[in-house]
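Peer 1: need the 3D shape of this:
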Amino acid sequence: MANHGHFGFLALQLFLTDYLIDDSYIHLTFARNIAAGNGFSYHPGEPDYSTSALIWTLLLALFCKINGPDPILTKFLSTFFGLLSIVAV
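Peer 2: Take a look at the predicted model:
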């Protein structure tokens with residue numbers, strides 16, 4: 001029963017929150033620059049390895065390359081992987 005509550009919470013997260021926390025934009029900026037061919041940087045031309053989530057940033061870069069940078073993308077992917085982890089457990 002607890003899993004159903006978590007599932008509902010994560011599903012509603014997409015619709016009840018109209019904001020993203022600043023970390024989402026930080027990772028998305030790195031991802032946008034990687035996808036654009038500017039390397040691993042926050043500011044193009046200035047290499048910077050300060051992201052705290054390497055795999056997440058690279059995954060976002062892949063989706064940025066396909067769809068372009070979209071802030072809502074981080075919300076959907078985060079919710080998807082949250083739901084996936086509930087199902088896996």
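
Peer 1: where do the strands sit along the chain?
Peer 2: 41-43, 46-47 (DSSP state E).

Peer 1: now Ala31, nearest residue through space, not along the chain?
Peer 2: Leu60 (3.5 Å; Cβ to Cβ, 6 or more residues apart in numbering). (Each C-beta comes from the backbone N, C-alpha and C, glycine too.)

Peer 1: what sits against the one you found?
Peer 2: His27, Leu28, Phe30, Ala31, Leu73, Thr74, Leu77 (Cβ atoms under 8 Å, 6 or more residues apart in numbering).

Peer 1: look up how far Pro71 lies from it.
Peer 2: Going from Leu60 to Pro71 by Cβ to Cβ, to the nearest Å gives 11 Å.

Peer 1: what touches both of the two?
Peer 2: Residues touching both Leu60 and Pro71 (Cβ under 8 Å, 6+ apart) are Leu28.
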